[in-house]
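[1] What follows is a predicted structure for the sequence shown.
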Amino acid sequence: MRIFFCILYAAITIALIVVLDMPLTMGGTKTPRLGYFLSPQKGFWQNAEAADAKFNGNLRLTGLQGKTEVYFDDRLVPHVYADNDADAYFVEGYLHAKFRLWQMEFQTYAAAGRLSEIFGDSANGTSFLNIDIYFRRLGMVYGAEKSLKAMEADANTKQALDAYTAGVNAYINTLDEASYPLEYKLLDYAPEPWTNLKSALFLKYMSYDLTGGDNDFELTNAKTIFSKEQFEKLFPYGQDSVQTIIPKGTPFVKPGITLKIPATVDSLYFNYKDTIKLTEKPVKPNPDNGSNNWAVSGIKTKSGRPILCNDPHLGLNLPSLWYEIQLSTPTYNVYGVSFPGSPAIIIGFNDSCAWGVTNAGRDVKDYYEITFQDSTESHYLYNYEWKKAGIRKEVIKIKGKPDHVENIPLTIWGPVMYDKSYGNPSKNGKAYAIHWTAHDESNELRTFIMLDRARNLDDYKNAISTFKNPGQNFLFASKHGNIAIEEEGNFPAKWRRQGDFVMPGKDSSYAIQNIPDSENIMLVNPPRGFLSSANQYPYDTTYPYYMGGIDYEYFRPNIINRNLASMQNITPGDMERLQTDNYNLMAEMARPPLLKYLDTSSLSGDEKKYLAIFTSWNLRNDGNEQGPTVFKLWWDSLKYCMYNDEFSRTDLYLPEVANETLLRALRKDSLYEFADDINTPKKETVRDIVTASFKKTIPVLQDAEKNGRLVWGTFKNSGIRHLLKIPSLSRLHLFSGGGDDIINAYTQFHGPSWRMVVQLTDETEAYGLYPGGQSGNPGSKYYDTFIDKWLVGQYYPIHIFKKQDIEKQQNLLGVITFSK
Amino acid sequence: MKFIVAILLTAALGFAAPLYLPWWSFAFTSALVALAVHQKAWKAFVAGFAGLFLLWGCLAFFIDMNNNHLMLNKIAGIFGLSGFLLIIITGIVGGLVSGFAALTGSFARRLR
């Protein structure tokens, strides 16, 4: 009997351990291994950092050449003093890994189409396999491999990458299952060694985020559904009154490329009626990805020296995309924000100058229709011949399931994104190859490594001259007093409307060369005393090449320039106020025509009340205003009422009409043809639509008011979400102003991801912060430290410390020395 | 007295073993304690349970105090629990495995 009980209890013990040591399925999601996760010696408790934690250490690591000292200031920003350049990157890698390992690896898994390895093919209703297939077919790994080749061909970038990778791995090698970052424990997997390719993948992810969106299929459908005149009205090229980055009238260089419009352009392109209904929804980056930057020269500042400002608008996540750091070696001294995942500092300043970037937003991603000879997809038609296609085999590993294999044909244009096996299974057998400048061999890292070391305008020019993708507006200011800007990148030299629609891949005359770098115009020290960019057209439409794109920004550049033009005696404090300004230029322009068209005689009760809120609104998207809520709802409703009847005639994907386009129609075209609701016999006027759209918002406004959400700060319901979108690891329901098309571009989960103001006085005066914290560990008090200050538009002073000065600081959080 | 010794030994060895071995390695030490310290079966179970319940519960409690409850509240939020309950559950999970391991050890002793 005793032996029976002994075996029984042994069996119960083992069963308990087995169950507690495997992920369980609960309500559709997998739990961590609960025994491991709850163990105070191994699990999440180990990630609960002591509130008074200090960050000290004395590390001896192979791979280092000399000595490096790291001083953590009171915000946990490391100030790194290395004996040589390679060691600085080694330590940067180590620190990125120490504070941000999970996010940097997770982002490279996403870029490489490997999420199924972590999550299985689907979880919580998200098909990770579909996302992975999309990124593989998009050629993310293909592009990263080509970038890596270029980066490793350059001795400087190779040295930086090698040292960085060694530093990341030096940290990973210290880890065991008790010290893994929390998310590994939650998702039950382990970090793998870092590689240079992973850094390339991370940078490629930024290319995807900033140039991976396109509207080619949507525009191709729109071209087929609408008349040419309607199409031009809905998706016009150019904006009359936008302030381009390079002001109108600046002379262009004589074009080095003579654009030859193909003889077949009417039959095979413009009048080629085709509709494309992809069965796989593209994984598009957020269309709001953009940024502001501006610089004012000494003639406009109180100090007589330039001030440079930058705030890149990206998805706001925890852990943050950015990590603040100072790197000092005998050859240079730089401070700014870095990407965990890549060596160098991306946006920042050094002892001589400062720089910032905004996204160019040019259309650098196009599609060519491919005609395959047969279903084997081994040959495709090109200039009346069957040309052999290459093949790229992508193996996607899936947790708990057999591998999925994608065989992707490679054409002269690029990889085949959609074909019968993916996205376009219809019988017509059409396939579409993607041509994307992110697939070109390029070395973007070189630019940042050189900018970190730039001493003057020439260094800046040299640094940016090789930058290809994602095309950026590189803004520069120096202590010599110079300010400069250039939209730099590989931009296709297109004829008007080239690449807006899918192009015929069988005809080589549709190929696109890149615009020579000399034809990207640099503006230096303009007489008006300031430079700016905010994702608008870089040049007006007299630029010799078509710039494509249907979502260039209109409002932010114009309001920024209006402010800068009128400002004098500018201080860094003035620049902070401008960077966080909530003035709504779009509302300023839209309110008069909206009120003009609105039939007020038909309004009653609550309609009048909400109209009064709108009419008396101060046009600011401040958190405590009610006007922005009324305006936002009315505008969205108007857009819907104006276009939905025409657009819903088909179930095809169509592009969205830009706000500026609708606004221009309201201001200039009282007989706007899209006002008519084509589903009614009556002929509606703009007045009818404006009035009806206003009335439709009333129930939403009443509901918001009932729930205490009428003020913009709560209505917008902003947050900063953990990358896994787990609510309790996120900061949600944050009260804040700002919004789309506002300088302070904080929408619900997207906005200024780093705010920086640098005055280039002899002693640099700089301010900045990002909405996050230096530690990626949700169990650390440094996880979200900066958010509250960021929300109310305040800044931290930031310093490039000399080593002898930081040694004297009283409030350091620790010192780590690294040596070989 | 034996009972208290068993609890303390269970806790001490249950702390030491996972320093080098997987989280569940305390099951062996808890069984060994029950094997070495002769008690009635139910007492062995309670001592085994209490040893790990107290160890894990106290470790969790002090880690949480030092952490100002940051992590506790976040993880409790993920599972929809209160923070206090999460500490108790942590203790119970360790306690249960340890208790049954001790029971096994206690019956193994009687086989001789």
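    Arrived safely. Numbering: from 1, shown residues only, chains lettered A, B, ... in the order given.

[2] residues in contact with the residue in chain A that chain B sits nearest to?
    Closest contact between chain A and chain B, by CB to the nearest CB, is at A:S728 (2.7 Å). For glycine as for every other residue, the C-beta is placed from the backbone atoms N, C-alpha and C. Under the criterion of CB atoms under 8 Å, 6 or more residues apart in numbering or on different chains, the contact partners of A:S728 comprise B:N73, B:K74, B:I75, B:A76, B:G77, B:I78.

[3] can you check A:K639 too?
    So A:K639 contacts A:V657, A:N659, A:L662 (CB under 8 Å, 6+ apart).

[4] Helix or strand: which one has the closest residue to the last one other than its chain neighbours?
    With CB to CB, 6 or more residues apart in numbering or on different chains as the criterion, A:L662 has its nearest non-adjacent residue at 6.0 Å, and that residue is A:K639. Taking DSSP states H and E as the criterion, A:K639 maps to helix A:627-647.

[5] Show me what counts as buried in that helix.
    Using 16 or more other CB atoms under 10 Å in any protein chain shown as the test for burial, helix A:627-647 gives A:627-635, A:637-639, A:641-643, A:645-647.

[6] quick one, what contacts A:T747?
    Shown in contact with A:T747 (CB under 8 Å, 6+ apart): A:D288, A:K716, A:S718, A:G738, A:G739, A:D740.

[7] For A:D83, give me phi and psi.
    Backbone torsions for A:D83, taken as degrees, to the nearest 10, come to phi -70, psi -30.

[8] Next, count neighbours for it.
    18 (other CB atoms under 10 Å in any protein chain shown).

[9] Equivalent analysis for A:S670, please.
    If you count neighbours by other CB under 10 Å, A:S670 ends up with 14.

[10] what's the answer for A:I726, then?
    Count around A:I726 with other CB under 10 Å applied: 16.

[11] mind giving me JSON lines with the contacts of A:S728 and columns for neighbour count and secondary structure?
    Shown next, in JSON lines, are those (neighbours: other CB atoms under 10 Å in any protein chain shown; DSSP: H, G, I helix; E, B strand; the rest coil):
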{"residue": "B:N73", "neighbour count": "15", "secondary structure": "helix"}
{"residue": "B:K74", "neighbour count": "23", "secondary structure": "helix"}
{"residue": "B:I75", "neighbour count": "27", "secondary structure": "helix"}
{"residue": "B:A76", "neighbour count": "19", "secondary structure": "helix"}
{"residue": "B:G77", "neighbour count": "17", "secondary structure": "helix"}
{"residue": "B:I78", "neighbour count": "17", "secondary structure": "helix"}
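
[12] Just confirm A:Q498 contacts A:A511, I think it does.
    No. Checked against CB atoms under 8 Å, the pair A:Q498 and A:A511 is beyond contact range at 10.4 Å.

[13] who has more neighbours, these two?
    A:Q498 (22 against 14).

[14] what pLDDT does the more buried one get?
    pLDDT, A:Q498: 96.

[15] ok, now A:V758?
    98.

[16] and it, that's in a strand?
    Yes. Counting by DSSP: H, G, I helix; E, B strand; the rest coil, A:V758 is part of a strand.

[17] Quick one: residues contacting it.
    Counting by CB under 8 Å, 6+ apart, the residues that A:V758 touches are A:I307, A:L308, A:C309, A:F349, A:A354, A:A477, A:T764, A:E765, A:A766, A:Y767.

[18] mind listing what's buried in stretch A:536-543?
    A:Q536, A:Y537, A:P538, A:Y539, A:D540, A:Y543.

[19] just stretch A:494-507 next, same as before
    Counting neighbours by 16+ other CB under 10 Å, one finds that the buried residues in stretch A:494-507 are A:K494, A:R497, A:Q498, A:G499, A:D500, A:F501, A:V502, A:M503, A:P504, A:G505, A:K506, A:D507.

[20] Now distance to chain B too, for the residues you listed, in JSON lines please.
    What follows is the buried residues of stretch A:494-507, written out as JSON lines (distance: CB to the nearest CB, whole Å):
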{"residue": "A:K494", "distance to chain B": "49"}
{"residue": "A:R497", "distance to chain B": "50"}
{"residue": "A:Q498", "distance to chain B": "50"}
{"residue": "A:G499", "distance to chain B": "46"}
{"residue": "A:D500", "distance to chain B": "46"}
{"residue": "A:F501", "distance to chain B": "47"}
{"residue": "A:V502", "distance to chain B": "45"}
{"residue": "A:M503", "distance to chain B": "49"}
{"residue": "A:P504", "distance to chain B": "52"}
{"residue": "A:G505", "distance to chain B": "49"}
{"residue": "A:K506", "distance to chain B": "54"}
{"residue": "A:D507", "distance to chain B": "56"}
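
[21] Take those residues and keep only those in strands.
    A:M503, A:P504 (DSSP state E).

[22] Could I get the buried residues of stretch A:494-507 in CSV, plus columns for distance to B:A17?
    Output for those, formatted as CSV (distance: CB to CB, whole Å):
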residue, distance to B:A17
A:K494, 68
A:R497, 71
A:Q498, 69
A:G499, 65
A:D500, 67
A:F501, 67
A:V502, 64
A:M503, 67
A:P504, 70
A:G505, 65
A:K506, 70
A:D507, 72
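
[23] Longest helix in chain A, please.
    helix A:85-111 (DSSP state H).

[24] quick one: it to chain centroid distance?
    Chain-centre distance of helix A:85-111: 19 Å, with CA atoms, centre = their mean, to the nearest Å.

[25] now swap in stretch A:763-778 and tell me
    Mean-position distance between stretch A:763-778 and its chain equals 18 Å (CA atoms, centre = their mean).

[26] What's the mean pLDDT across it?
    97.

[27] Pull up the distance across that stretch, start to finish.
    With CA to CA, to the nearest Å as the measure, stretch A:763-778 spans 36 Å from end to end.

[28] How about the contacts made by whichever residue of chain B sits closest to chain A?
    At 2.7 Å from chain A, B:G77 is the closest residue in chain B, using CB to the nearest CB. B:G77 sits next to A:P727, A:S728 when contact means CB under 8 Å, 6+ apart.

[29] Retrieve the pLDDT associated with it.
    95.

[30] Ok, A:S730 next?
    Here, the pLDDT recorded for A:S730 equals 98.

[31] my guess is it contacts A:H722, does it?
    Yes. A:S730 lies in contact with A:H722 (CB under 8 Å); the separation is 4.7 Å.

[32] Now the residue nearest the centre of chain B: which helix or strand?
    Centre of chain B computed as the mean C-alpha position; nearest residue by CA atoms, centre = their mean is B:L52, 1.3 Å away. Assigned by DSSP H and E, B:L52 belongs to helix B:41-66.

[33] which strands and helices sit next to the helix ranked longest in chain B?
    Secondary structure assigned by DSSP H gives helix B:83-110 as the longest helix of chain B. Where contact means 3 or more CB pairs under 8 Å, 6 or more residues apart in numbering or on different chains; DSSP states H and E, helix B:83-110 is packed against helix A:2-20, helix A:34-38, helix B:2-20, helix B:26-36, helix B:41-66, helix B:70-79.

[34] mind redoing it with 6 Å?
    Where contact means 3 or more CB pairs under 6 Å, 6 or more residues apart in numbering or on different chains; DSSP states H and E, helix B:83-110 is packed against helix A:2-20, helix B:26-36, helix B:41-66, helix B:70-79.

[35] just how off-centre is the helix or strand following the helix holding A:K639 within its chain?
    Downstream of helix A:627-647, the next assigned helix or strand under DSSP H and E is helix A:659-668. Centroid displacement of helix A:659-668 relative to its chain, using CA atoms, centre = their mean, is 27 Å.

[36] Same check on stretch A:49-68?
    The answer for stretch A:49-68 is 32 Å, by CA atoms, centre = their mean.

[37] That stretch: which residues count as buried?
    Neighbour counts over stretch A:49-68 (16+ other CB under 10 Å) mark A:E49, A:A53, A:F55, A:L59, A:L61, A:G63, A:L64, A:T68 as buried.

[38] coming back round to it: now tabulate the contacts of A:S728 in TSV and tack on distance to A:L594.
    Output for the contacts of A:S728, formatted as TSV (distance: CB to CB, whole Å):
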residue	distance to A:L594
B:N73	46
B:K74	45
B:I75	49
B:A76	48
B:G77	43
B:I78	45
